[in-house]
Each structure stands twice: as C-alpha cells, then as structure tokens.
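**Q** fold the stuff below for me.
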Amino acid sequence: MSIRGIGHRGYPAKYPENTMSSFQAAIELGYTHMELDVHLSKDGIPVVMHDHRIDRMTDGTGEIQDYTLSELRQFTINHNEKIPTLEEVLLLAKDRIIVSIELKDPKLYKGIEEKVYEAIQRTDMIDQVYIISFDHKSLAKMRMISHDLQLGPLVNKLKRSHFRLMNKLDAKYISVKYAVLDEKYIKKCEEHGIQVVVWTVNKIEQMQYLKKFPSILVTTDELEKFKAFNYPKTVDWKQVSV
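**A** I've put the predicted structure just below:
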C-alpha cells in the first residue's frame with residue numbers, strides 16, 4: 001500500500017539524512033514521495049546534502065564546492081556511507097517513488113540548474129521529479145531550461161502574491177511551513193489545482209490537524225509514526241514507537 005507523504009531527506013529519524021540508506025528506507029516503507037537537497041561539487045557534479053558544508057554530516061570539513069566528487073568520496077557519513085550524487089539517488093528512486101529536489105543555495109553554484117536538469121534527463125526521471133527552492137529566480141531559470149519539469153516555490157508564508165508567481169513559473173507545487181498554514185489559501189490552491197506541500201510534520205497533534213486537509217502533501221522525518229497514525233491497519237504496532 002502506498003503511503004501518501006514525503007520522506008524528508010529520506011528517513012532521517014532512523015538513518016543519516018540524505019543518504020542511500022535513508023532513501024531506501026523511505027522507498028521500502030511505501031512512501032509516494034521523498035525529498036532531497038542538491039549542491040554542486042567543484043567539478044560540477046550535483047551531490048546530495050542539506051548543508052553547503054560537509055562538517056555536520058561527514059568526518060571532513062569545508063565547503064562542498066571546494067571539493068571534486070572524487071575528493072568528496074573520501075569522506076564518510078556515519079563511518080560507512082558516502083555522499084551520494086543526484087544521479088545515484090534518482091536511479092535508486094526510478095519507477096519506485098517521486099523525488100522532490102531542492103536546489104540549495106543556487107547562487108553559490110554557476111550552472112546548477114543545467115547540471116541538475118542533465119542528471120534528470122540522463123536517468124529519464126523527468127516525469128518522476130519536481131524542483132523546489134527558496135530562490136525563485138533559480139526556478140525561473142529551470143522553467144527556461146524545460147517546459148516539462150514540475151516546479152514548486154518554497155515560501156515561509158503563503159501570500160496572495162505567490163499566486164502570481166505560480167502563474168509566471170507555471171508551477172504546480174508550493175511548499176510552506178506547517179506553522180504558517182492559512183486555511184483560506186489552502187482552499188484557493190485547491191481551486192487552482194496547486195499542490196500544497198507542508199513541512200516538517202513530526203508531532204501527532206500536527207498530523208491530527210492536517211486530517212482536515214486531505215489534499216495537502218505532508219513532509220515528515222518520522223515516517224513510521226506518520227504511517228502508523230494515517231494508515232493504522234497496515235502497521236505492526238509492536239514494531240512502532242509513537
């Protein structure tokens with residue numbers, strides 16, 4: 001059974017975020033979507049990590065853009081995993097799960113939009129991904145590169161002006177923080193066929209509130225908790241801590 005929801009950086013409550021093991025777990029749990037973050041290596045390869053530095057997640061230090069891919073491969077995450085490339089993750093996900101790709105700090109990386117699009121093309125995943133970013137100019141570049149890619153602005157609070165932005169980008173997704181959800185704009189998005197994505201929902205009381213809005217696509221770190229709450233008949237309760 002498919003679990004309609006987004007595994008935030010895979011399944012970070014149990015596995016190191018943005019790693020192959022984390023993404024594999026989200027897929028095996030039956031989620032329909034997973035989210036990841038992309039930067040560029042020194043030699044222009046899209047790699048998957050949330051921060052623009054490797055300090056927090058690896059045994060190395062420094063900025064991703066200062067290392068080639070082969071140099072980044074020398075560092076480990078949790079002693080046994082490597083920083084994955086976008087292409088590797090897309091091949092893992094192909095025909096199994098939809099991937100939300102966040103362009104992180106695109107101003108740091110010249111040509112990141114083209115490089116990400118090339119990886120999507122090489123893996124034939126254009127119908128199984130959508131691109132999100134707080135940098136709406138970067139999304140506009142993506143739209144110039146491809147009329148077929150699905151796009152979604154990230155916003156801290158949904159405003160009336162964002163509907164003009166959505167129209168300009170021909171975007172079908174919009175991602176907003178849970179804390180600033182506005183019921184009026186949720187309904188307007190539903191009327192306009194815009195998919196609202198909310199992040200990051202980890203508490204039972206948040207999940208309970210969002211049952212009022214079944215159209216919303218929920219992002220969570222707590223994949224098994226979310227599955228147990230929303231799909232209780234599919235869960236072995238002995239294996240779940242909620």
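**Q** that's a strand at V38, yeah?
**A** Yes. Secondary structure of V38 (DSSP: H, G, I helix; E, B strand; the rest coil): part of a strand.
**Q** any idea how far V197 is from it?
**A** Distance, V38 to V197, by CB to CB, to the nearest Å: 17 Å. Bear in mind the C-beta positions are built from the backbone N, C-alpha and C, glycine included.
**Q** the two: who's more crowded?
**A** Using other CB atoms under 10 Å as the criterion, V38 and V197 rank with V38 on top: 27 against 21.
**Q** in the sheet, who's paired with the more buried one?
**A** V48, L103 (DSSP bridges).
**Q** is it true that it touches Y109?
**A** No. Contact criterion CB atoms under 8 Å: V38 and Y109 do not qualify, at 9.0 Å.
**Q** give me the most central residue, this structure.
**A** By CA atoms, centre = their mean, the chain has its centre lying nearest to E35, at 2.0 Å.
**Q** my read is that residue is in a strand, agree?
**A** Yes. Looking at E35 with three-state DSSP, it is inside a strand.
**Q** look at it and report its pLDDT.
**A** At E35, the predicted lDDT confidence score is 98.
**Q** again with the one 5 residues further on
**A** Per-residue pLDDT puts L40 at 98.
**Q** in what helix or strand does Y117 lie?
**A** For Y117, the element it lies in under DSSP states H and E is helix 112-122.
**Q** which other helices and strands contact that helix?
**A** For helix 112-122, the packing partners by 3 or more CB pairs under 8 Å, 6 or more residues apart in numbering; DSSP states H and E come out as strand 31-40, strand 46-48, helix 86-93, strand 98-103, helix 136-145.
**Q** can you add distance to R4 and give those back as a markdown table?
**A** Formatted as a markdown table, the helices and strands packed on helix 112-122 follow (distance: least, CB to CB, whole Å):
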| stretch | distance to R4 |
| --- | --- |
| strand 31-40 | 5 |
| strand 46-48 | 23 |
| helix 86-93 | 16 |
| strand 98-103 | 11 |
| helix 136-145 | 24 |
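**Q** N78: which of these is closest?
**A** strand 46-48 (14.8 Å; CB to CB).
**Q** other SSEs contacting that closest one?
**A** If contacts are counted by 3+ CB pairs under 8 Å, 6+ apart, strand 46-48 sits against strand 31-40, helix 86-93, helix 112-122.
**Q** adding distance to E224, write those out as JSON lines.
**A** Compiled in JSON lines, those are given as follows (distance: least, CB to CB, whole Å):
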{"stretch": "strand 31-40", "distance to E224": "11"}
{"stretch": "helix 86-93", "distance to E224": "20"}
{"stretch": "helix 112-122", "distance to E224": "29"}
